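In: Here's a sequence, model it:
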Amino acid sequence: MSNTSMNMGRATFYEDRNFQGRSYECSSDCPDISSYMSRCQSCRIQSGCFMVYERPNYMGNQYFMKRGEYSDYQSMMGMSDGFRSCRMIPMHRGNYKMRIYERENFGGQMHEMMDDCDSIQERYRMSDCQSCNVMDGHWLMYEQPHFRGRQMYMRPGEYRSFREMGMSGMKFMSIRRITDMC
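Out: Numbering: from 1, shown residues only. So this is what the prediction gives:
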């Protein structure tokens, strides 16, 4: 039996700010919102958690959204054109486990994590994290200490090079588990 429950999230996305204009209901991944509406400027997350992306096919800056109302992306997140794709984050029950590496291709220092880390540099004396292996759970990596700055969603799998994933020049300085906070 899997530790990951596939309970579906549910969100309604709106073309304009303040939940106006055409809407699109979503309960799974959507690689291109423009198939349903010209833009997306606001949303309501009724259940679950989602990552939203500035560009189609899960590219560009990413933002974590949990249950709640988001009436204006531009003022909240600095997304001038709203977002273009989204992923529903499945709820994980069980252990969390991730290995982070100082260099690409699992090189340099390695540290195994099972809980949140508000400063990789302070806890592990690691100035950079350029690859990781997520064994269990779903995680958010942050550009700055104390869970601030740009984010990247990590689901189970091997991530050999953040640079090749389009995160060139971005350092990850803190990491948080996505728990039942959804």
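In: which residues does the residue positioned nearest the centre of the chain bridge with?
Out: For the chain, the residue nearest the mean C-alpha position is residue 153 (3.0 Å; CA atoms, centre = their mean). With DSSP bridges as the criterion, residue 153 is bridged to residue 140.
In: Which pLDDT value does the model give it?
Out: pLDDT, residue 153: 95.
In: my guess is residue 49 contacts residue 86, does it?
Out: No - the pair formed by residue 49 and residue 86 falls short of the contact definition of CB atoms under 8 Å, at 10.6 Å. Backbone N, C-alpha and C define where each C-beta goes, glycine included.
In: Contacts only, for the residue sitting furthest away from the middle of the chain.
Out: In the chain, the residue that sits farthest from the middle, by CA atoms, centre = their mean, is residue 21; the gap is 26.3 Å. Residue 21 is in contact with 14, 15, 37, 41, counting by CB atoms under 8 Å, 6 or more residues apart in numbering.
In: Over to it. Which of the three states is it?
Out: Here residue 21 is recorded as strand under DSSP: H, G, I helix; E, B strand; the rest coil.
In: how far away is it from residue 43?
Out: According to CB to CB, to the nearest Å, residue 21 and residue 43 sit 12 Å apart.
In: Overlap of the contact sets of those two?
Out: Common neighbours of residue 21 and residue 43 (CB under 8 Å, 6+ apart) are residue 14.
In: Among the contacts of residue 21, which pair sits farthest apart?
Out: The distance between the two most remote of these (CB to CB) is 9.7 Å, for 37 and 41.
In: Those two: who's more crowded?
Out: Each of residue 37 and residue 41 has its neighbours counted (other CB atoms under 10 Å); residue 41 has more, 24 against 17.
In: quick one: the more buried one and residue 72 touch, right?
Out: Yes - at 6.8 Å, residue 41 counts as touching residue 72 under the criterion of CB under 8 Å.
In: Which neighbours do these two have in common?
Out: Contact with both residue 41 and residue 72 is made by residues residue 17, according to CB under 8 Å, 6+ apart.
In: need the contact list for the spatially closest residue to residue 57 that is not a sequence neighbour.
Out: Once flanking residues are discounted, residue 57 sits nearest to residue 31: 5.1 Å by CB to CB, 6 or more residues apart in numbering. When the contact criterion is CB under 8 Å, 6+ apart, the partners of residue 31 are 56, 57, 58, 85.
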